[in-house]
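Q: please work out how this folds:
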Amino acid sequence: MNSSPQAVAGGDGSALRRQALGEFVRSARSRITPQMAGLPEGSRRRTPGLRREEVAQLCGISVTWYTWIEQGREVSVSPSVWSRIAGVLQLARAERAYLFELADCADPQPPRDDAGGAPGPLRACVDAIRAPAYVLDRAWNLLAWNEPLRELFDDWPLRDPEPNLLRYIFLDQAARELVVDWEQRARRVVAEFRADAGAHLDEPAVLALADALNRQSPVFAHWWTRHAVVEREGGLREFQHPRSGQLAFQQITFRLATHPDLKLVMLLDGGERD
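A: The predicted model follows:
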């Protein structure tokens, strides 16, 4: 990023968003005291919060450029600079997400959820669902499941002390017998996992899982090297249950607002082929 700003010509419907972004940044700046930013308090201030030049200095950009941001002018700002601004202004998770949404760019350092167990209310929510339902974290560990899901998967979550959906699909022979069109589903699952894991490939848990599956499952290794990426979409899911016979469901997946890295998956009865 150059030290001197250059306005990007042209005006369009994004002007309101730029204005909202400038007002939001200015409001956030007013809440940060010099002490909070690690600066000496200095002389008496006419307005609360940091000065524009202090934010610019802490972010490593020119004062003019930062001023134009607060004025809602159309300037080209890189995601890394927005990240530094978010850090200096000590934005909370929701505030940081709002900043990057208004800036219309991806956060290079998105906040990450604790990969620990699902909180009690979430487990209670899953238990209250009558259809088979479960919660996955970003490494596809099963954090919570209900009784219908346990029955559908023939007690798999109870057999595995640390149930993981990928390990089940690729390393448990029972999955090949339960899941109809297993090879087709396995191919898509790898692409779905790569889409999920993209922002977390540097995390030990995700790295260890991918490495283990590459060593232990030739099918996973084959499709992993293809680098296909798809969304975790819903649709027909068929099972050949050992006691109930052929079963069909429509899968629906939700991202949780309070835990964006977690997914709530429901299997609704009555799935039909197109």
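Q: quick check: mean pLDDT of the helix or strand harbouring residue 186?
A: Secondary structure assignment for residue 186, by DSSP states H and E: helix 182-197. Here helix 182-197 scores 92 as its mean pLDDT.
Q: next: stretch 212-232.
A: For stretch 212-232, mean pLDDT is 92.
Q: start and end of it, how far apart?
A: Chord length of stretch 212-232, first to last residue, is 22 Å (Cα to Cα, to the nearest Å).
Q: buried residues in it?
A: 212, 213, 217, 219, 220, 223, 224, 232 (16 or more other Cβ atoms under 10 Å). The way it works is simple: take the backbone N, C-alpha and C, and place the C-beta from them, glycine included.
Q: isn't the fourth one right up against residue 182?
A: No: between residue 219 and residue 182 there is no contact, the gap being 9.2 Å when judged by Cβ atoms under 8 Å.
Q: could you pull out the buried residues of stretch 164-184?
A: Buried residues in stretch 164-184, counted by 16+ other Cβ under 10 Å: 164, 165, 166, 167, 168, 169, 170, 175, 178, 179, 182.
Q: would you quantify the distance from the closest residue to the second one other than its chain neighbours to residue 164?
A: Of all residues beyond its chain neighbours, the one nearest residue 165 is residue 140 (4.6 Å), with distances taken as Cβ to Cβ, 6 or more residues apart in numbering. According to Cβ to Cβ, to the nearest Å, residue 140 stands 6 Å off from residue 164.
Q: and residue 45, by the same measure?
A: In terms of Cβ to Cβ, residue 45 sits 54 Å off from residue 164.
Q: with residue 26 instead?
A: Taking Cβ to Cβ as the measure, residue 26 falls 46 Å from residue 164.
Q: how about residue 128?
A: From residue 128 to residue 164 the distance is 24 Å (Cβ to Cβ).
Q: and what of residue 122?
A: Distance from residue 122 to residue 164, by Cβ to Cβ: 18 Å.
Q: the residue nearest to residue 165 against residue 163, yeah?
A: No: counting by Cβ under 8 Å, residue 140 stays clear of residue 163, with 9.7 Å between them.
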